[in-house]
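Student: build the 3D model from these lines:
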Amino acid sequence: MLIAFTSLPGFVTMVFRGMPTVWRGRHHLIFCWLIFMQAVSPGRKTLEELARWTPAAITAWRFGRVLKAAYWHVPLLVSWLAQDLLTTLPAPANGILSLCGDGSHADKRGTKHPVAQQGRISQHHPWFFGLRFVLLMAAWDDYRVPVSFRLILPKRHAAYRSENGLFREMVEAFVPPRWAKRGIVGGDAAYGAKANRAMGKARDKADPARCWGFGFAIARTWKPVEEKSLKNLVTHRPQKYYQCTRVLRAHGRKGRKTFGTYSTRLCLRHVGDVTVVLSKKGRNVSPQQTKILVTNLAELTPSQVVCIYQKRWAIEVMNWALKSGLGLGEHQVSGDTNRSEKSVGIAVLAYLFVLRVCHHEIVPGTPWSLFQLQHALRLRVMTNQVEHTVKVKMAKTRKAA
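Tutor: Next up is the predicted model:
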């Protein structure tokens, strides 16, 4: 349960003090209230529900007016707040920054929604109808930060762009922090396209301040220059060639995970010389469940390649937190692509806001979740509200006396 708020805490306005967007009228104040309530509200994130806990002047109608305003660009605000967070969080000792991309969807009920589309992840998953988006995450040590997102429009839309094209656009626009000495772009097999690998090489040439590489999972239909597909390498490789590799568990969890790995150097068509790592979770795992990982960083060991790919799971955890804890896509907006984009971007901004305000709650080497940080934030804001109410009552008492 929450208490009704009568004033916006001072630390909220301090976080959004340097926003690059020029706001009109009172939209700046309404926007701060919207992000604040999106982060601390425990229930559904509809505009009417968020307005229940705000002062009488902050209504659901005013929230809707801000979301409908076409003059401000939500991806710009996401990039700005992400850059501010990257410079605030502790830097890793090795200076390695991983960039991972993944696509997801948010369910919608209205069948007439202009940018909603129907589909399913695979033949084993149910069909869905809703918004599709692609998210870019920066990860190092125990931290995971969303740095950009793009809405995937239906193919019938005039401004449609493919998921891989949006992923490349976000990676090329990302500005790494100063402490990053090496950047590694990674993703699942859906992002292992030839253009994505070429983008990683081009980024390495264009950025002399740091080294860039890639680490993707790829399909077994890829062929080396010998004209034999990787499927033959996976299917006919005897078990005795696999080595037992133990890597640390993700998200600061204790213990290690054991993989069977086989590493070799190959020259893939249209890609060049790469290190190919075959990874499977058990000794008796079938070849169909073997992951094929490739990287152009020859100095990496199989254990490091598996660790890079394992970080990709953090973006799945982030997508789940955005939908379950921050109500991604729950705003009642329709009729315009810009409004649908804002309904996704507001949840990403709320995630960044929670990290920016409560990053001191994250203990290095221990697991953390967004819900843990939200709980600490709610305790802080309710304490702040009680102190503010007591001060106002005491001031009134002195004035009456």
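Student: residue 159: how many residues sit nearby?
Tutor: Residue 159 is flanked by 8 other residues according to other Cβ atoms under 10 Å. C-betas here are computed from N, CA, C, even on glycine.
Student: residue contacts, it?
Tutor: When contacts are counted by Cβ atoms under 8 Å, 6 or more residues apart in numbering, residue 159 touches 153, 337.
Student: three-state assignment of it?
Tutor: What DSSP: H, G, I helix; E, B strand; the rest coil gives for residue 159 is coil.
Student: and it, what's its pLDDT?
Tutor: For residue 159, the pLDDT comes out at 89.
Student: now it: how far from residue 70?
Tutor: 15 Å (Cβ to Cβ, to the nearest Å).
Student: likewise residue 336?
Tutor: Residue 336 sits 8 Å away from residue 70, going by Cβ to Cβ.
Student: which one's more surrounded, these two?
Tutor: A count of neighbours by other Cβ under 10 Å puts residue 336 above the other of residue 336 and residue 70, at 14 against 9.
Student: surely the more buried one and residue 69 touch.
Tutor: No: Residue 336 is beyond contact range of residue 69, at 11.0 Å (criterion: Cβ atoms under 8 Å).
Student: for the protein, which spans come out with low pLDDT?
Tutor: Scanning the chain for pLDDT under 70 picks out 1, 227, 250-255, 283, 335.
Student: ok, longest helix in it?
Tutor: Scanning the chain for the helix with the most residues, using DSSP state H, yields helix 370-400.
Student: figure out how far it is from the centre of its chain.
Tutor: From the chain centre to the centre of helix 370-400 is a distance of 31 Å (Cα atoms, centre = their mean, to the nearest Å).
Student: and what of stretch 327-334?
Tutor: With Cα atoms, centre = their mean, you get 18 Å for stretch 327-334.
Student: can I get it in PDB, CA atoms only?
Tutor: Output of stretch 327-334 as PDB, limited to C-alpha atoms (Å, rounded to 0.1, in the frame of the first residue of the first chain):
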ATOM      1  CA  GLY A 327       3.900  -1.900 -16.500                       C
ATOM      2  CA  LEU A 328       5.400  -1.600 -19.900                       C
ATOM      3  CA  GLY A 329       2.700  -0.900 -22.500                       C
ATOM      4  CA  GLU A 330      -0.200  -0.500 -20.000                       C
ATOM      5  CA  HIS A 331      -0.900   3.100 -20.800                       C
ATOM      6  CA  GLN A 332      -4.200   3.600 -22.700                       C
ATOM      7  CA  VAL A 333      -2.800   5.200 -25.800                       C
ATOM      8  CA  SER A 334      -3.800   4.400 -29.400                       C
END
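Student: mind listing the helices for the stretch 51-200 of the chain?
Tutor: 60-68, 74-88, 163-173, 194-206 (DSSP state H, counting those that start in this stretch).
Student: tell me the domain ranges of the protein?
Tutor: Following automatic domain parsing, one gets these domains for the chain: 10-73+333-400, 219-303.
Student: who wins for proximity to residue 165 among these?
Tutor: Closest to residue 165 of the domains of the chain is domain 10-73+333-400 (Cβ to Cβ; 16.5 Å).
Student: run the chain-centre distance for the closest one.
Tutor: In terms of Cα atoms, centre = their mean, the centre of domain 10-73+333-400 is set 19 Å apart from its chain centre.
Student: now do the end-to-end distance for it.
Tutor: Criterion Cα to Cα, to the nearest Å; first-to-last residue distance in domain 10-73+333-400 is 27 Å.
Student: next one: stretch 218-235
Tutor: 15 Å.
Student: run the chain-centre distance for that stretch.
Tutor: 31 Å.
Student: helices or strands next to the longest helix of the chain in the packing?
Tutor: The contact analysis (3 or more Cβ pairs under 8 Å, 6 or more residues apart in numbering; DSSP states H and E) places helix 370-400 against helix 27-40, helix 337-358.
Student: what's the angle between it and helix 337-358?
Tutor: 80 degrees (axes from the mean of the first three to the mean of the last three Cα atoms, to 10 degrees).
Student: mind listing what's buried in helix 370-400?
Tutor: For helix 370-400, a neighbour-count test (16 or more other Cβ atoms under 10 Å) marks 370, 373, 374, 377, 378, 380, 381, 384, 385 as buried.
Student: run the angle between it and helix 27-40 for me.
Tutor: Using the same axes, to 10 degrees, the inter-axis angle of helix 370-400 relative to helix 27-40 is 120 degrees.
Student: ok so, going back, common neighbours of residue 336 and residue 69, please.
Tutor: Common contacts of residue 336 and residue 69 (Cβ under 8 Å, 6+ apart): none found.
Student: now the residue most central in space within the chain: how far from residue 92?
Tutor: The centroid of the chain falls nearest to residue 146 when counting by Cα atoms, centre = their mean (3.5 Å). Residue 146 is 18 Å from residue 92, where distance means Cβ to Cβ.
Student: got it, and residue 385?
Tutor: In terms of Cβ to Cβ, residue 385 sits 37 Å off from residue 92.
Student: now residue 196
Tutor: On the measure of Cβ to Cβ, residue 196 and residue 92 end up 24 Å apart.
Student: what do you get for residue 292?
Tutor: 27 Å.
Student: and these two? Which one has more around it.
Tutor: Under the criterion of other Cβ under 10 Å, the comparison of residue 292 against residue 92 puts residue 292 first, with 20 against 15.
Student: what strand or helix carries the more buried one?
Tutor: Using DSSP states H and E, residue 292 sits in strand 291-295.
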